[in-house]
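A.B. asks: My questions concern the predicted model and sequence given below.
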Amino acid sequence: MGSLWRVLSETYAFLKGFTRYKETLFWTVIFPIIFYAIMAGIWGTPNPPTVRVGVYNGDATQGPYNMSEALLRAMNSSGVFKVRLYGNASKLKLDVAHGRVDAGVWIPVDFTENITRGEASTLGVYYVETKWGGFVGQTLTSFFKAFSDILRARVVNVSLRYIEDSDMPSSFKSMAIRWMRFIEEPLRVNVSVEKPPLIATSHGLKAYYAISMVAIEALFIGIFSGVEAVNEKKRSGTLRVLLASPMNGWELLAADTLSALAAVGISAVAVILFSIATGARYTAAPTALAVTALLLVVGTLSMIGIGLLLAPLAKTPEGGTVIANALAFPLMFIGGITIPPFALPKYLRAFAANWPLGKATEAIREALIYNVAPLKALEAGWETIVASLVIYALGALVYQRLLIGMVEHY
Amino acid sequence: MEALVEALGLRKVYPDGTVAVDGVSFKAGPGVTVLMGPNGSGKTTTLSMVAGALRPTSGRVVVCGYDMWGGEWSRPRECVGFAPQDMPFREKLTVMENLVWYGLIRGLSLGEARRRARRLLEEVGLEGAGKKKVAELSGGMRRRLSLAAALMGDPRVLVLDEPTSGLDPAGRMRLWGLIKRLAGERVVIASTHIPEEAEEHADTVLIFHRGRIAASGRPAELIKEYARHSRIVVEGRGLSKAGPPGYAELVEASDTRASFLAEEPEEVLPKLLADLLAAGASVERVEVRRPGLAEVYFAVTGEAELLGGGGAGG
């Protein structure tokens, strides 16, 4: 039992000092809440970008069947376009070139006339291709294609009525009707969404970023704990009394690890509770929570292990801080915990999708947000668990060597 | 005497080649053993090795029958309570919380640590300070807290590095009184650079000089063996005009201060003053210091510098 209490000593000191050391309170609770609030505030609501479109409508058709006005109504109601009408085609082209609008559309004078007479009508579209990686062009193309499909469907329906009412032989009529249906929709695509729609909602996005923040805390707390494990004790003077105490090296490591896990746990609870208060939604099944806790422990252990492996490079606590930050900050972005792996460049995706904390984070999302059965999420993460424990074990060996060095040459 | 602590041929060489301790051997049983010497003489290094915080380059430390650097890590360290010169405390935690932490690292349960902390705070006179943050304590209170922290594990051996450092003479006296009262039947091994402390409080003194023990024994025996002579200190002007007298040993001379050693100062003093005045010196102050460990230190090391800030009679 003595060993158990020795191992709990650092956690005791951490919890007692948690609210009194302002920097601890800030980095463990306040900073992650602020950072989460920023992420959720910016990206927590599905909000596709708006394309500013200038339209020069040359269509002279009067009357209720003006197709250009139908097109403009469709564009305005799509929620994607912000339409501005131009009376001058040259001015529109100039504004597109100077970025005052994202794209320009020219509706020709015979637009309605051609369509109602069953002849193809040509729309002119002008945009700056490099802007937004082609998003503008793709959005416009998709929209006009969809509009064209609607027009085709109407034409086909009108044609079908003529065919139905005609005097064609019935066998030829049925063949014609099938052929017209084929022209209307040559390819049917059934889309089923595997992940539930929660992630596409504000609730799901906020939960996503809350878990990102928890992973960031595990990243920083883990690496810092590992890198500074020995140096900080030497700086504070506690190393000497600890080496003179009955605590052996393994108990010392366990004490530091438990203290770091406590910090990550407090941070996680604070962020998730705050996220729930601001609209995030999670799966609340006990199994999911247990799996989450296990994966978080495992992910943190991997980062502590990495920190311990780097510890010999840190000759001073200040040097340790530099090393820890130099690693943790890039990992925050390229590790797939803040930016989803699919959104990263190709050459980073393999790493982001496979390193222990990244995989643990995604498995936590599966259990808490994507409604994957918790044990299945855990199953997907068993390699993560093994890899994390191996990294931690290697780090532990490095730690013991560092302690031996301290005992030899304090 | 039952020797609970044995240091055998301790040697410590640092990576830069510095020999901090060179072949130190001693035994310590119940009572107070004081390591006396100036800064850099090897006292702290020796205490760290005895407490188990620093591995010797060669030699052995045996505590309560266990080799400190043998196969068992915990057993010998359970026997020792160590208070380094700058005992680390978490400044924003309370006195009580810090003591409990010291109890936990010794393997006490939370409840037992709290009970023991309360009792020790009473014994060191800090019972009203349990809820104060350590940052609010005075120097004397911190020293008492260090003593309490070292006692949390109820050790048989107390190792205290400069326990009275930073205290005024009255504070030092009080703290030594506390140490001796709380020590009971324990082995206390402490260090100091103030000869009067060692003389007053030690049962055994180890005089350290350049990493070695220059002399060891009971204070009275050391004084009798190495420092029979009293020191006569004269302050004035023109004191260097008079040469060394034949009846007293001149150990220090400048124009304003001169020191002499004499076995019978009462007989020598009148003649000495007369000779100085006859030589044209003016005398402003005369002090006769009975021999103490400062004189012993000079005798065994040949170094006349006063130890620390006090020196003999200071």
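C.D. replies: Great, that's in hand.
A.B. asks: Tell me the pLDDT of residue 131.
C.D. replies: Using chain A. Looking at residue A:131, its pLDDT reads 56.
A.B. asks: please go with chain B instead
C.D. replies: For residue B:131, pLDDT reads 95.
A.B. asks: That one looks like it's in a strand, true?
C.D. replies: No - assigned with DSSP: H, G, I helix; E, B strand; the rest coil, residue B:131 falls outside any strand and is coil.
A.B. asks: Could you give the bridge partners of the closest residue in space to it that isn't next to it in sequence?
C.D. replies: Residue nearest to residue B:131 in three dimensions, not counting chain neighbours: residue B:94, with 5.3 Å by C-beta to C-beta, 6 or more residues apart in numbering or on different chains. Glycine gets a C-beta too; all of them are placed from N, C-alpha and C. Beta-bridge pairing for residue B:94 (DSSP bridges): residue B:133.
A.B. asks: From residue B:74, how far out is the residue of the stretch 101-250 of chain B found nearest chain A?
C.D. replies: For the stretch 101-250 of chain B, the residue closest to chain A is residue B:107, as judged by C-beta to the nearest C-beta, at 2.8 Å. The spacing between residue B:107 and residue B:74, counted by C-beta to C-beta, to the nearest Å, is 8 Å.
A.B. asks: sorry, back to before: identify the residues contacting the residue of the stretch 101-250 of chain B closest to chain A.
C.D. replies: Counting by C-beta atoms under 8 Å, 6 or more residues apart in numbering or on different chains, residue B:107 touches A:1-3, A:5-6, A:246, B:78, B:153.
A.B. asks: What residues of the lowest-mean-pLDDT helix or strand in chain B count as buried?
C.D. replies: Ranked by mean pLDDT, DSSP states H and E, the weakest helix or strand in chain B is strand B:249-253, scoring a mean of 84. Buried residues in strand B:249-253, counting neighbours by 16 or more other C-beta atoms under 10 Å in any protein chain shown, are found at B:251, B:253.
A.B. asks: Neighbouring strands of that strand in the sheet, and parallel or not?
C.D. replies: By DSSP bridges, strand B:249-253 pairs with strand B:257-262 (antiparallel).
A.B. asks: Name the next helix or strand following the partner strand along the chain.
C.D. replies: The helix or strand immediately downstream of strand B:257-262 is helix B:265-278, counting by DSSP states H and E.
A.B. asks: quick revisit: which residues do residue B:107 and residue B:74 both contact?
C.D. replies: Common neighbours of residue B:107 and residue B:74, using C-beta under 8 Å, 6+ apart, are residue A:246.
A.B. asks: in chain B, which spans are helices?
C.D. replies: B:43-51, B:74-78, B:95-105, B:110-123, B:139-151, B:169-183, B:195-201, B:219-226, B:265-278, B:293-301 (DSSP state H).
A.B. asks: Okay, now the unreliable bits of chain A?
C.D. replies: A:45-48, A:129-133, A:192-200, A:380, A:410 (pLDDT under 70).
A.B. asks: where does it come near chain B, residue by residue?
C.D. replies: Within chain A, the positions adjacent to chain B are A:1-3, A:5-6, A:8-9, A:12-13, A:16-17, A:20-21, A:236-238, A:240-248, A:407-410 by C-beta under 8 Å from any C-beta of the partner chain.
A.B. asks: any idea how chain A splits into domains?
C.D. replies: Per automatic domain parsing, the structural domains of chain A span A:2-44+A:201-409, A:51-184.
A.B. asks: what's the most buried one of those domains?
C.D. replies: domain A:2-44+A:201-409 (a mean of 20; mean count of other C-beta atoms under 10 Å in any protein chain shown).
A.B. asks: gap between the two ends of it?
C.D. replies: One end of domain A:2-44+A:201-409 to the other measures 28 Å (C-alpha to C-alpha, to the nearest Å).
A.B. asks: now that domain, how far from the chain's geometric center?
C.D. replies: 19 Å (C-alpha atoms, centre = their mean, to the nearest Å).
A.B. asks: and the residue nearest the centre of chain B, what pLDDT?
C.D. replies: Per C-alpha atoms, centre = their mean, the C-alpha nearest to the average position across chain B is that of residue B:192, at 2.0 Å. Confidence at residue B:192, expressed as pLDDT, is 94.
A.B. asks: so it makes contact with residue B:38?
C.D. replies: No - between residue B:192 and residue B:38 there is no contact, the gap being 10.6 Å when judged by C-beta atoms under 8 Å.
A.B. asks: just checking, which of the residues of chain A next to chain B belong to helices?
C.D. replies: Per DSSP H, helices hold the following members of the residues of chain A next to chain B: A:2-3, A:5-6, A:8-9, A:12-13, A:16-17, A:236, A:238, A:240-243, A:407-408.
A.B. asks: Can you lay out the helices of chain B as a markdown table showing distance to chain A?
C.D. replies: Shown next, in a markdown table, are these (distance: least, C-beta to the nearest C-beta, whole Å):
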| stretch | distance to chain A |
| --- | --- |
| helix B:43-51 | 4 |
| helix B:74-78 | 4 |
| helix B:95-105 | 4 |
| helix B:110-123 | 7 |
| helix B:139-151 | 8 |
| helix B:169-183 | 18 |
| helix B:195-201 | 23 |
| helix B:219-226 | 28 |
| helix B:265-278 | 45 |
| helix B:293-301 | 27 |
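A.B. asks: Can I get those in JSON lines including mean pLDDT and mean neighbour count?
C.D. replies: Formatted as JSON lines, the helices of chain B follow (pLDDT from 0 to 100; neighbours: other C-beta atoms under 10 Å in any protein chain shown):
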{"stretch": "helix B:43-51", "mean pLDDT": "96", "mean neighbour count": "26"}
{"stretch": "helix B:74-78", "mean pLDDT": "94", "mean neighbour count": "21"}
{"stretch": "helix B:95-105", "mean pLDDT": "97", "mean neighbour count": "25"}
{"stretch": "helix B:110-123", "mean pLDDT": "96", "mean neighbour count": "17"}
{"stretch": "helix B:139-151", "mean pLDDT": "94", "mean neighbour count": "23"}
{"stretch": "helix B:169-183", "mean pLDDT": "91", "mean neighbour count": "17"}
{"stretch": "helix B:195-201", "mean pLDDT": "92", "mean neighbour count": "23"}
{"stretch": "helix B:219-226", "mean pLDDT": "92", "mean neighbour count": "17"}
{"stretch": "helix B:265-278", "mean pLDDT": "90", "mean neighbour count": "15"}
{"stretch": "helix B:293-301", "mean pLDDT": "87", "mean neighbour count": "24"}
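A.B. asks: That'll do, ta.
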